[in-house]
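>>> For reference, the sequence and a predicted model appear below.
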Amino acid sequence: HSIMAAVTPYSVILLAVIYQPELRDALARIGSFFMMLRKNKKTIAETETENTIHVVVDAACQIAQTEKDGALIVLELFQNVDEYIDKGYSLDMEVDRGILCGMFRDKTLFHDGAVVIRNNRIVMAGCKLPLRKNGEVVDGLGTRHRASVGITDVTDCVVVVVSEETHKISIANHGNIERDFNQSGEELRN
């Protein structure tokens, strides 16, 4: 009884020393399992974002090919745009090419406003964005382009603009705008 009483407190350490290789393998497997779950979550999120980008580009290209339609699509990144815009209509919709194209049809409710996409969902439509009032970047550009630059001055979002007059696609980010992407979409996706 006295021998067992003396050895028992050290038995956990003794077992850890004896089974050290097996414990190391078990902990490595558990760690690998959690890393795999984390990697799969990241991959799913990245895949959803890539799908959203493809849908937005396809919609922009289709809108650019119509006669009277233009578009203003805000893709939120990390910073929420709510405090900088006049909210239109709150939504919670899947990002879909047909829905986006329908929202920007001439004489529809959302035609002149912006659509906001957050976490790969359409969350608002018919929004009014802050306009860039001065600067070389917006000289000679219309309201959609000035609004796209204005919102990117104050947030980290990316805005896709389709000109109603020229049917050209532009992208605004960090207070700048790149204009006249072709309507094939490949250059725009990149």
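Sure, I can see it. No experiment lies behind these values; they were computed from the predicted model shown.

>>> Output the contacting helices and strands for the helix or strand containing M93.
Using DSSP states H and E, M93 sits in strand 89-94. Contacts defined by 3 or more CB pairs under 8 Å, 6 or more residues apart in numbering; DSSP states H and E place strand 89-94 against strand 121-127. Just so you know, the C-beta spots here come from the backbone N, C-alpha and C atoms, and that holds for glycine as well.

>>> on that earlier part again, can you list the buried residues in the strand holding M93?
For strand 89-94, the neighbour count (16 or more other CB atoms under 10 Å) marks L91 as buried.

>>> Could you check how far that strand is from the centre of its chain?
15 Å (CA atoms, centre = their mean, to the nearest Å).

>>> same question, stretch 123-130
Worked out by CA atoms, centre = their mean, stretch 123-130 lies 16 Å from the chain centre.

>>> So what touches that stretch?
For stretch 123-130, the surrounding residues in contact (CB atoms under 8 Å, 6 or more residues apart in numbering) are 72, 74, 84-92, 103, 109-110, 112-117, 147-148, 150-151, 153-154.

>>> which residue ranges form the helices in this structure?
Along the chain, counting by DSSP state H, helices occupy 2-7, 11-18, 20-64, 97-103, 143-154, 186-189.

>>> and those helices as JSON lines, adding mean pLDDT and distance to A125?
Output for the helices of the chain, formatted as JSON lines (pLDDT from 0 to 100; distance: least, CB to CB, whole Å):
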{"stretch": "helix 2-7", "mean pLDDT": "80", "distance to A125": "73"}
{"stretch": "helix 11-18", "mean pLDDT": "81", "distance to A125": "60"}
{"stretch": "helix 20-64", "mean pLDDT": "82", "distance to A125": "13"}
{"stretch": "helix 97-103", "mean pLDDT": "93", "distance to A125": "6"}
{"stretch": "helix 143-154", "mean pLDDT": "90", "distance to A125": "14"}
{"stretch": "helix 186-189", "mean pLDDT": "71", "distance to A125": "21"}
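
>>> most packed of the ones you listed?
Mean neighbours per residue, mean count of other CB atoms under 10 Å, is largest over these for helix 143-154, with a mean of 22.

>>> what's it packed up against?
Using 3+ CB pairs under 8 Å, 6+ apart: helix 143-154 touches strand 71-75, strand 158-162, strand 169-173, strand 176-181.
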